[in-house]
Each structure stands twice: as C-alpha cells, then as structure tokens.
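S.K.: here are the coordinates; sequence isn't available:
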Ligand SMILES: [Zn+2]
C-alpha cells in the first residue's frame, strides 16, 4: 500500500491556530435552536502533567463531540479544573512552593497540553474551583443546604488518615485504608460537618431505575447505598433495666437464636462494667483493648472468631423465654445497625463458625422443602418454631415480628457525607462561631469568604487555617469580639458536585448558574468518566443535585441522563501502569514521533470505550495508525475531477452510517475499523473522484481532526472541515453490518465491523489492521484461516 509521509507538527500547529482564531468550538448556550447537546467529561485535577489516562478520558469523547457538531447539534463540550486538593499543599510542605502558584502554573501547562491533543473544548466556559468567583458559589450553596437542615455539625467517630492528617469520608476508605495514599486509617471522635446524603438514600436508589445507565454502574451504587429490609427485635438483659435492640434481615429465624453478640463499642458493655454486673470484668476489658488495635477490615474478617462471653448476665429469648448467653465480639461493628446482632448459627455462616469455636448450640429452624441440605440464608418451611412450625418462613415473617413486639425496619449502609477536612488548600467552610460557640452561616454579603494566605503549612493535625491571624481578625472585625472562624475546609468532592451547572454561565456574578440555560441544557445528555467515581463523585453529585432540586434551585431531579464509564488502558505488559513496574507509557513521546492524530485514532481503536474492559497498550499501535493516515495521504495522488462512481458513493454512505452509529454508542473501535475497510476499497480503485475523497475526509475528521483539516484546505475547500455537514445517505438503507471477533490461535485480539456478507479476503484484510494481528503476521501468512461470517475470524499461525 502506498504511503506518503507528512509533517504532523506543522499540520497540528496550523489547525489549532485556525480553530482558536475562529472560536470554532464555542457553544452559544442561549441559542434558541432546538438541538442542544451537553457532553460532559470529568474535569481534571491540575497535576501539571497530562498522562495517557487524560488522553483516553478527553481525546476519545472529543470524537463524539465532533461527530455531533457535524450532524447539526449545538454541542456544549466544556472543560475546567478541579483545582483544590492535597497535592498542591504537599508541594507547599515539601518544597516551600505557594499552593496557589503551583496550581495556576500547572493549569497553564495543562491548557497547552489539552490544546495539543486537538480536543474541541469550549474554553470560554472554563471553571476553576479554587478561584473565589467559583468557590463563592460553593459556599453560597452550602449555606442554602445549612438553612434547610441538610448540613449539620456533629461529634462522631470518624476515619482519620495519619499520613494526610485529615479526616476522610467513608467513601474515601477502601478496606480500612486511605483511598488516596494507602495508609491504614485510624478512628477518632471529632466534631465535624456533614451533609444529609443518608436522607436521600431511597430516592438515590429509586431514581436509578429510570436512568439508562449500564447495570453494573447502577449495581455499584445500589450496593454502596446498601438498603436492607428486616426488623428491630429486642432482648431483655438480666440485672440491668435494659433491652438490647438488634437489627435482623431474617426475623423468621428467631427461634434459631442461641446467643446474642454486642460490638465492643456498644454502650451496654461499658454500662455492665460500670455497674459491676460482670463476673469476668478483667477478661472483657482485656478484649476491648485488643480490639481497639484492629482495623475495621480485620474485625469484619474476624479470622480467629474471637469473642468473650459476658459472665453474670444473660439475655431473655423473646419467643421462648429461655436465657441465652451474651457475647462481646469484634466482628460486630458498632456503627452498623444497632451494634448488636442475634446469632442464628444454623442459618448464618459467620454465626455458625463462631458457634463452633465457642461450642454453642446450633438449632435448625428452616428446612428446604425439596431436600434436606442445611439451608444457609434461604427461605423454606419453618421447623422447631413453636406455633409457626410448618408455615412458609417468608409468609410467616410478619406474624413472627408482631409476636415478639418487633418492628419492621429498613437499614442502609450509606452514612451521611463527612465534608470537613483539616487541610489548607480547599474551599473555606462559610461558618463562624459566636462567643458561646454556636455556629452561624456567613451571610451572602460577606461571600466569597476568602481563603487566607498567612498560613503555616506544616501539618500538625490541626487545621492550617487556625494559624492565620488575618482570618481571626477578619472574623472579629465583621462579627464582633470573641467570634471565631471555622478552620476546616471542604472535601474537594463538594466543589465537584455542581461544577457542570457553572459551565452554563461561568462568569455570572449574581447567581451560581443561569436559570434559563439550566432549563434548556439539563439534564446533561452524556457524562463520561472513570469507574473509580461510581460510588464517590457520581453519588455525591446526584445527591447534591437532588438537594438543590428540593430547594427549587435546579429544574431536574437528576443531573446526568446517560453515564458512560470508560475502560482502562494498561501497560504494554498487560498490567496497570505504575512507575514501580516501569511500564508507564508517556503519550508525549508518541505525539512527538507520530502526531496527536495517530495517538487519538489508536486510543479510539484500542477497545470499546463504554465497557468495563482493560486494554494493553501495544507499542506498535500508534505507528500502525500513523501508517493508516499516510495511506490516506498517498491516496490524494489518485484523486481526479471525474464524477463519483455509484458504487463508491454507496460504500461511503454505508460507512458514514456505521461510523455515526458506532460513535453514538462510543464503539469507536469498530468505527475506525469501518474507516479502514473504506480506505482499502478506495485504494483498490484506479482513481478516486474528488467528491468521494472529501467525503472520506469528513468521516475521518472527528478522529484525526488536524490531518483532515489540512487536506481539506489543500483541496481548496472553504472554512473548516469541522463545521461541514456529516455525509447523509440518499436512497436505500444500508445492508446490515456485524461485529466479527478477531482471534489469533484462538485468543481474542480485537473485533472488526464487516458487512454481513463480507468475504474471507475482506475479513482477513480488516483483521490485519489490528496492531496485534499485523505484528503477529510480520513473519508471514497464517497457516490457516477459520472464518465464520458474522461471528469470528481465527488466524492459526
Ligand atoms: Zn491518606
């Protein structure tokens, strides 16, 4: 195949200059045309270096933004910076840099890098969360939540990262470790600010049902919210006037309860020790001390099934009146449910294991109707259950709850969102305290409540803002002698919970957004981001939006209509990229050598974008995409002024439909494969009509925007190729196309899009475009080709 080299640096610089001079990607949000499309990507943290993950996050959705514009949509595709956060502050601590300057310098670097990618962002809408014209409104929205009792201050047991020296939200703790730095978290009792996300648990669940999201994304949110239905039952404790409340999801197994367990932090334990009711106080106290050293994860695993019986007291079984033992065991966590459980060893695996170690009775109360296997959590026929024996366990549940005076209840795993952080580089919490220590929201007239800059950064575990003399003086000057400022800052997830509203009117000084624009542009049509945000940012933003909806501040109950989570790009060795493994791919090297367009196409081609997959980076991948573009360039020599051939018109029109449908579903990989097949067809012709060549360039333009722009101008075309209309098909509908899996020696290496009746030669040619395949075929032809049209092509080497 003929190829022709080109100077990508010159082509890219010229195109970028042209676009920016003509404001090509600026969306008019007040435009009354009826085709608005809001395409959102998660805005980046300004780390100062654009890695491959950023390219994947921004350059690939950009293809869709470009297709939509060519199809006549008024596309809003904005960008900004999630600019508060720890790295800036850590740079200040380690290297004595000013966090503000560090952040602003990094944003400058990243703006240049993002432009180099050829992404068609509307920079006129830029939002920067650390600027006071933005955080003024973060503060204002918080005060609205506070006025409506959706924000509150409470003393609670919280997770503390000893390395980052700040508290964390539950969402930022993964298996007992700090999600950002990997340090084991500690528990502390502190007075902190919370948002009432738990109050929204049911709506966050129910409204998921109507969203057209991938089920796995919805399931992850459902699991995090963790709704379980069951009942509260209570057990009378001897020697103290107290009933022990437990939550159970299986009240129908009540007759199988042979002991109860309380968490070490349960108030009953302290009370019994204090009242001198226990015969083994020392043993219990030793156990409490041992438990304190364990993490929550170690506790819930409870490998040793440890626990101590509380000697001297018993619980009364509410159905049988029998006395049963009470244990303290750390596999029960104080903050879950009531901090106490009824144990049913015959029907719960953890209780069963514990009962075996501590030699406790095991009483079967449910039998499966069709066999006699011990049922672990299933429903079935009740046995050994007094008056309920013989009934179906699910059907009898209600009666069983009433019989013991219990109450039906629903429980959630989701806890209120802890938003205070003991750090400097964040949005100041707009609260001041009167001399009696009561909190007051700072009035609108004093917003923005500026972040002070006379700060001692050295982390001490106390909020750095407490070292500011200016902040202290400002508070007393405005509010009076003896008034003090809140010294914590917001979790940065508060900043990012509403940034997409600000894009609609980023310079508005009288409102956080624009009412008319919100009505027109919300909910966001499609939001593309990383799967790591499913149970953090994505959940917080949904909650925040619902709260604003209830206050009449936004017009929709959900912020995002579609949500797409992209797959992961792995290192060339198939492992997650990490400096320690030495498998990190630097996109700049590839951009330098092969150009931004070749990198973009390779990222589009590497795998289906909207799937939970992971794709290894092939070192020859970008090179082979560059070769593809060089073939397009070489084809120029065959272009004539002759009229288009009917066959070619039909072929390109089918390709246009395919590319646009695939782009719509974010299946850019098969869209690229359709372009490759179209190129091959054009190459096989003896000449190519200029119109056909231009049509092909239009289809290629969203993928290789600089390259297509260059050839468009070279052929004397006016304006930008990115503002022309997408080729529309005339006449009969295109024949069906199918996705064919490509295998080498039976191992899946990619997929291609082919007409349903494609020949083996066409299929082989399509498969050969995949970098893994072309690499494997370097040393010769396959021994055998197994081709099943519409399904598979397997190359045996
Ligand atoms: Zn940490």
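M.R.: Structure's in. What do you need? Note that the structure is predicted; figures quoted are calculated from it, not measured. Residues are numbered from 1 along each chain as shown.
S.K.: C-alpha only now, for contacts and for neighbours.
M.R.: Fine.
S.K.: mind checking how far the most centrally placed residue in the chain is from the ion?
M.R.: The structure's the chain has its C-alpha centroid closest to residue 533; by C-alpha atoms, centre = their mean the separation is 1.9 Å. Separation of residue 533 from the ion (C-alpha to the ion, to the nearest Å) stands at 17 Å.
S.K.: heads up, I number from 41, so please use that
M.R.: Will do, 41 is the new start, and the previous item becomes residue 573.
S.K.: what about residue 620, how many residues nearby?
M.R.: Per other C-alpha atoms under 10 Å, the neighbour tally for residue 620 reads 7.
S.K.: now it: how far from the ion?
M.R.: As judged by C-alpha to the ion, residue 620 and the ion stand 19 Å apart.
S.K.: neighbouring contacts of the strand or helix carrying residue 258?
M.R.: Following DSSP states H and E, one finds residue 258 within helix 255-265. Contact partners of helix 255-265, identified using C-alpha atoms under 8 Å, 6 or more residues apart in numbering, comprise 241, 245, 248, 452, 453, 454, 571, 574, 575, 579.
S.K.: out of these, the closest to residue 563 would be?
M.R.: Among these, residue 248 lies closest to residue 563 (C-alpha to C-alpha), at 14.1 Å.
S.K.: show me the contacts for the closest one.
M.R.: Counting by C-alpha under 8 Å, 6+ apart, residue 248 makes contact with residue 258.
S.K.: please pull out the lowest mean pLDDT helix or strand from this structure.
M.R.: When the helices and strands of the chain are scored by mean pLDDT, DSSP states H and E, helix 336-341 comes last with a mean of 71.
S.K.: for the most far-flung residue of the chain relative to its centre, list the residues it contacts.
M.R.: Distance from the C-alpha centroid of the chain, by C-alpha atoms, centre = their mean, peaks at residue 682 (52.2 Å). Applying C-alpha under 8 Å, 6+ apart to residue 682 gives the contacts 729, 730.
S.K.: and this protein, which residues reach the ion?
M.R.: Taking C-alpha under 5 Å from the ion as the contact definition, the chain meets the ion at 201, 204, 218, 221.
S.K.: which residues does the first one bridge with?
M.R.: On the basis of DSSP bridges, residue 201 is bridged to residue 206.
S.K.: does it really touch residue 224, like I thought?
M.R.: Yes: Residue 201 is within contact range of residue 224, at 7.0 Å (criterion: C-alpha atoms under 8 Å).
S.K.: which SSE is residue 834 in?
M.R.: strand 832-836.
S.K.: what's the offset of that strand from the middle of its chain?
M.R.: The gap between where strand 832-836 is centred and where its chain is centred comes out at 36 Å by C-alpha atoms, centre = their mean, to the nearest Å.
S.K.: buried set for it?
M.R.: 832, 833, 834, 835 (16 or more other C-alpha atoms under 10 Å).
S.K.: do stretch 477-491 as well
M.R.: With burial defined by 16+ other C-alpha under 10 Å, the residues of stretch 477-491 counted as buried are 479, 480, 481, 482, 487, 488, 489, 490, 491.
S.K.: check stretch 423-433 too.
M.R.: For stretch 423-433, burial by neighbour count (16+ other C-alpha under 10 Å) applies to 423, 425, 428, 429, 430, 431, 432, 433.
S.K.: equivalent analysis for stretch 241-256, please.
M.R.: Along stretch 241-256, these residues count as buried under the neighbour rule (16+ other C-alpha under 10 Å): 241, 244, 245, 248, 253.
S.K.: now for these: which two are most distant?
M.R.: Farthest pair in these, by C-alpha to C-alpha: 241 and 253, 18.3 Å.
S.K.: which one of the buried residues of stretch 423-433 sits closest to residue 324?
M.R.: Nearest to residue 324 among these: residue 425, at 33.2 Å, using C-alpha to C-alpha.
S.K.: make JSON lines from the contacts of helix 255-265 and add secondary structure to it.
M.R.: As requested, these are exported to JSON lines (DSSP: H, G, I helix; E, B strand; the rest coil):
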{"residue": "241", "secondary structure": "helix"}
{"residue": "245", "secondary structure": "helix"}
{"residue": "248", "secondary structure": "helix"}
{"residue": "452", "secondary structure": "coil"}
{"residue": "453", "secondary structure": "coil"}
{"residue": "454", "secondary structure": "coil"}
{"residue": "571", "secondary structure": "helix"}
{"residue": "574", "secondary structure": "coil"}
{"residue": "575", "secondary structure": "coil"}
{"residue": "579", "secondary structure": "helix"}
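S.K.: and the residue farthest from the centre of the chain, how far from residue 461?
M.R.: Here residue 682 is placed at a distance of 69 Å from residue 461 (C-alpha to C-alpha, to the nearest Å).
S.K.: what's in contact with stretch 725-743?
M.R.: 102-104, 106-107, 637, 640-641, 644, 676, 678-685, 688-689, 692, 696, 699, 715, 722, 747-749, 751-752, 761-762, 766-767.
S.K.: check contacts around residue 59.
M.R.: Counting by C-alpha under 8 Å, 6+ apart, residue 59 makes contact with residue 65.
S.K.: show me how far the helix or strand where it lies is from its chain's centre.
M.R.: Using DSSP H and E, residue 59 maps to helix 48-61. Mean C-alpha position of helix 48-61 versus that of the full chain (C-alpha atoms, centre = their mean) differs by 33 Å.
S.K.: what's the answer for stretch 56-67, then?
M.R.: On C-alpha atoms, centre = their mean, the centre of stretch 56-67 falls 31 Å from the chain's centre.
S.K.: now the end-to-end length of it.
M.R.: By C-alpha to C-alpha, the extent of stretch 56-67 from end to end equals 17 Å.
S.K.: show me what counts as buried in it.
M.R.: Of all the residues in stretch 56-67, those buried under the rule 16+ other C-alpha under 10 Å are 56, 59, 65, 66, 67.
S.K.: tabulate these in JSON lines, adding columns for pLDDT.
M.R.: Below are the buried residues of stretch 56-67 laid out as JSON lines (pLDDT from 0 to 100):
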{"residue": "56", "pLDDT": "95"}
{"residue": "59", "pLDDT": "94"}
{"residue": "65", "pLDDT": "93"}
{"residue": "66", "pLDDT": "93"}
{"residue": "67", "pLDDT": "93"}
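S.K.: for residue 191, give its distance to residue 357.
M.R.: Residue 191 is 41 Å from residue 357, where distance means C-alpha to C-alpha.
S.K.: more neighbours: those two, which one.
M.R.: residue 357 (23 against 20).
S.K.: which ones are touching the more buried one?
M.R.: Contacts here follow C-alpha under 8 Å, 6+ apart; on that basis residue 357 touches 275, 276, 297, 363, 364.
S.K.: looking at the residues you listed, spot the one nearest residue 388.
M.R.: Once C-alpha to C-alpha is applied, the member of those that ends up nearest residue 388 is residue 297, at 10.6 Å.
S.K.: with adjacent residues omitted, what lies nearest to the closest residue to the ion within the stretch 41-190 of the chain?
M.R.: Closest to the ion within the stretch 41-190 of the chain is residue 126: 9.8 Å, counting by C-alpha to the ion. Using C-alpha to C-alpha, 6 or more residues apart in numbering and skipping residues adjacent in sequence, the residue nearest residue 126 is residue 465, 6.7 Å away.
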